[in-house]
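Colleague: Need coordinates for the following:
(2 chains)
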There are 2 protein chains.
Amino acid sequence: MKHGKGIIPAVIGGGSWGTALVKLFSHNQREVNWWIRSCQNRHYIAEHRRNPDYLSYLELNLQRISVSCDLNEVLSKSDMIVIAVPAAFIRETFSKVPAADLRNKIVISAVKGIIPGDNLTVSNWLKKEYGIPEDQLGIIAGPCHSEEVAMEKLSFLTLAFHDIEKAEYLKRMLECHFMRISISPDVKGIEYASVLKNIYAIAAGICVGLGYGDNFMSVLAAHSVRELRSFLDHINTLKRDVNNSAYLGDLLVTSYSKFSRNRTLGSMIGKGYSPRSSMMEIKMVAEGYYAAQAIHFISAGMEIELPVVETVYNILYLNHPAMDAMASLSNKIQ
Amino acid sequence: MKHGKGIIPAVIGGGSWGTALVKLFSHNQREVNWWIRSCQNRHYIAEHRRNPDYLSYLELNLQRISVSCDLNEVLSKSDMIVIAVPAAFIRETFSKVPAADLRNKIVISAVKGIIPGDNLTVSNWLKKEYGIPEDQLGIIAGPCHSEEVAMEKLSFLTLAFHDIEKAEYLKRMLECHFMRISISPDVKGIEYASVLKNIYAIAAGICVGLGYGDNFMSVLAAHSVRELRSFLDHINTLKRDVNNSAYLGDLLVTSYSKFSRNRTLGSMIGKGYSPRSSMMEIKMVAEGYYAAQAIHFISAGMEIELPVVETVYNILYLNHPAMDAMASLSNKIQ
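Modeller: Okay, the predicted model is just below:
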């Protein structure tokens, strides 16, 4: 790894999390390359210094941000690649990127989803498709809504890396007066926790939509974190405290915040909208929608019970009526 | 213990939790004696079937509820005494109750506070003052806001008893279509958790009042449950899962719900009101106010760090400015 100012980061993705990450990198007097899919939006940003689609109240410092809609160009001039594209679009986004373009680069997933079809976490997909070695891989995890990063509200990120030295380096790049950063070696656990929490947020939203109260919500959240723990313990036996911010905190902010798109998706379903029309309405990708199916399949062979995941899966994919499914769930948890 | 219909319960206290418990007992075709301090309110309830001060939208079934402002009379005709008086008023409430009046009765605390001055939990105070044996004592704990019990929203209670048979009996008395009940042997742990969660809710409220966002709130909540765990592990070594509803769930509903008076107290303090004027304004007892002082003293000799408890104590009792104290706390937790 090169040290010092030589390391140029790139953020891949023009959604709200990508936009917030670009703000973070550029906040700290740091140059950052930014790939966004829409060339039209690139022109808009160049002219108005705002992302027209996401966090549009945020003024971007274009003296430090180089925006491009040419992915190969962005990759070629960057040393550290932060992926912030919805998991469902990653394969398509990287379809014209040869393995050589990512060789010797640090590749970091800020995605909180599973590659659909493959049912692989992003880091596993990067290992499999690009042969990126573990010590070049990292995860940026929450608990952190991009909206509050844009507002410079005090927030916390967790960096999960096998190579702690790289995490320390990225930490120095991102830390500032509104951003505190923790480091963890639990790459796999934190990546899965980031995925599962979106399913739990959909469940929370469904309950809100159905009219359940705060009492039940707290029981659901407490059960969800225990369910998450049993899943993670099954994935690997690394000693972790699931009550740390990257696990419990992220689950809470996603389940309780009005900024959570997964909770919003669930809330619409609870109110009677179909999953499909809810997804169209919120105009952003709710990763939990795909994650529910992926975790359903991934956990099929495990001898653990994930009643919340299964309930969300049944509602989203098997058309179980939300009211009946949640009533049934409420009999299984406590 | 007498079995069957012979056991007559009494609820001691006319606040919102006492009112909700009376509703619960009477819901299940069960007679219940109810002591309220105000004889004037007793007349109002007899005439209008509503508690004028708390949950006044709730219509009470007076065919099953015998209301009295004579505590000795209520105790004498009841076998199971459920105390739902704010901890700060318990000593005064029971000042004219001789030990004989509670002899051979099941005495249950539904209080989520510490007796000020003595710094004793209610069950410890009952043991010390009334010599009530452990197997006659029990706890009714959350996660459960009385407002949602009144609305018949699905809720969960936890009964903590040394004598599980008594808990099973009470469970049958209280369980109904909107109330699920768990049983635990962790009397001491759950009683302390019910106390500490109010302090954590005040901290959460202060952050809301100061303008912290959802990201930080989730970090605070995750830290709080770890802090709670280390306190409980120090109190006794009973094996418990702090992510069960009676601990984490109760902490969450108290920290996140708009019905939480402790969160409301904190929110006013965060906005700049003094603790005293905030307490007067919310017109209900926020147990966390007294608990912060009690736990500060109780934990003084323990070799554990409770930064959230200490921050709330410093704000409430040492006049530390909330903004500075929370900024300092945010540097200590993650």
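
Colleague: hey, let's count contacts and neighbours off CA atoms from now on
Modeller: OK.

Colleague: Which residue does the stretch 1-150 of chain A have closest to chain B?
Modeller: residue A:144 (5.3 Å; Cα to the nearest Cα).

Colleague: Touching, that residue and residue A:153? I think so.
Modeller: No: if you go by Cα atoms under 8 Å, residue A:144 and residue A:153 don't touch, sitting 10.1 Å apart.

Colleague: So for these two, which residues contact both of them?
Modeller: residue B:215 (Cα atoms under 8 Å, 6 or more residues apart in numbering or on different chains).

Colleague: Compare the two (neighbour count), which wins?
Modeller: Regarding residue A:144 and residue A:153, a neighbour count based on other Cα atoms under 10 Å in any protein chain shown identifies residue A:144 as having more, with 27 against 19.

Colleague: and stretch A:41-51, which residues are buried?
Modeller: A:41-42, A:45, A:49-51 (16 or more other Cα atoms under 10 Å in any protein chain shown).

Colleague: For those, work out which two are farthest apart.
Modeller: A:41 and A:49 (10.5 Å; Cα to Cα).

Colleague: Pull the number of nearby residues for residue A:116.
Modeller: 17.

Colleague: hmm, back to that, how about the residue of the stretch 1-150 of chain A closest to chain B, secondary structure?
Modeller: At residue A:144 the chain is in coil, as set by DSSP: H, G, I helix; E, B strand; the rest coil.

Colleague: What residues does the stretch 201-334 of chain A have near chain B?
Modeller: A:212-219, A:221-223, A:225-226, A:243-245, A:248-250, A:252-253, A:256-257, A:334 (Cα under 8 Å from any Cα of the partner chain).

Colleague: please redo it, this time with the cut-off set to 7 Å
Modeller: Applying Cα under 7 Å from any Cα of the partner chain, we find that the stretch 201-334 of chain A lies next to chain B at A:212-216, A:218-219, A:222, A:226, A:243-245, A:248-249, A:252-253, A:257, A:334.

Colleague: The residues you listed in helices, which ones?
Modeller: A:214-216, A:218-219, A:222, A:226, A:252-253 (DSSP state H).

Colleague: Rebuild those as TSV, extending it with pLDDT and neighbour count.
Modeller: Formatted as TSV, those follow (pLDDT from 0 to 100; neighbours: other Cα atoms under 10 Å in any protein chain shown):
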residue	pLDDT	neighbour count
A:214	95	25
A:215	96	28
A:216	97	25
A:218	97	32
A:219	97	27
A:222	98	26
A:226	98	20
A:252	97	29
A:253	96	27
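
Colleague: helix or strand for residue A:139, which one?
Modeller: Per DSSP states H and E: residue A:139 is located in strand A:137-141.

Colleague: which outside residues touch that strand?
Modeller: Strand A:137-141 has contacts (Cα atoms under 7 Å, 6 or more residues apart in numbering or on different chains) with A:106-110, A:123, A:157-161, A:187, A:191, A:194, A:246.

Colleague: Can you list the strands that it pairs with?
Modeller: Looking at strand A:137-141 with DSSP bridges, its partner strands are strand A:106-109 (parallel), strand A:155-161 (antiparallel).

Colleague: starting at the chain centroid, how far to that strand?
Modeller: 10 Å (Cα atoms, centre = their mean, to the nearest Å).

Colleague: Return the most buried member of the strands paired with strand A:137-141.
Modeller: Ranked by mean neighbour count under mean count of other Cα atoms under 10 Å in any protein chain shown, the strands paired with strand A:137-141 are led by strand A:155-161, which reaches a mean of 26.

Colleague: which helices and strands sit right next to the worst-scoring helix or strand of chain A on mean pLDDT?
Modeller: Least confident helix or strand, chain A: helix A:275-282 with a mean of 88, by mean pLDDT, DSSP states H and E. Packing partners of helix A:275-282 (3 or more Cα pairs under 7 Å, 6 or more residues apart in numbering or on different chains; DSSP states H and E): helix A:261-270.

Colleague: in stretch A:114-129, what's buried?
Modeller: A:114-116, A:119-126.

Colleague: and those residues as a markdown table, adding pLDDT, secondary structure and distance to residue B:234?
Modeller: A markdown table is the format used below for these (pLDDT from 0 to 100; DSSP: H, G, I helix; E, B strand; the rest coil; distance: Cα to Cα, whole Å):
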| residue | pLDDT | secondary structure | distance to residue B:234 |
| --- | --- | --- | --- |
| A:114 | 94 | strand | 40 |
| A:115 | 94 | strand | 44 |
| A:116 | 89 | coil | 46 |
| A:119 | 93 | coil | 43 |
| A:120 | 95 | strand | 41 |
| A:121 | 96 | strand | 39 |
| A:122 | 97 | helix | 41 |
| A:123 | 96 | helix | 40 |
| A:124 | 96 | helix | 41 |
| A:125 | 97 | helix | 44 |
| A:126 | 97 | helix | 44 |
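
Colleague: Mind listing what's buried along stretch A:31-39?
Modeller: Quick answer for stretch A:31-39 (16+ other Cα under 10 Å): A:31-37.

Colleague: which residues sit against that stretch?
Modeller: With contacts defined as Cα under 7 Å, 6+ apart, stretch A:31-39 is touched by A:8-14, A:22, A:25-26, A:64-71, A:74.

Colleague: Sort out for me which of those residues are in helices.
Modeller: A:22, A:25-26, A:71, A:74.

Colleague: Up against chain B, what does the stretch 1-150 of chain A have?
Modeller: For the stretch 1-150 of chain A, the residues in contact with chain B (Cα under 7 Å from any Cα) are A:143-145, A:148.

Colleague: which two in the ones in helices among the residues of the stretch 201-334 of chain A next to chain B are spaced the farthest apart?
Modeller: Checking these with Cα to Cα, the most distant pair is A:214 and A:226, at 18.6 Å.

Colleague: Select the longest helix from chain A.
Modeller: Max-length helix for chain A by DSSP H is helix A:187-210.

Colleague: Much appreciated, bye for now.
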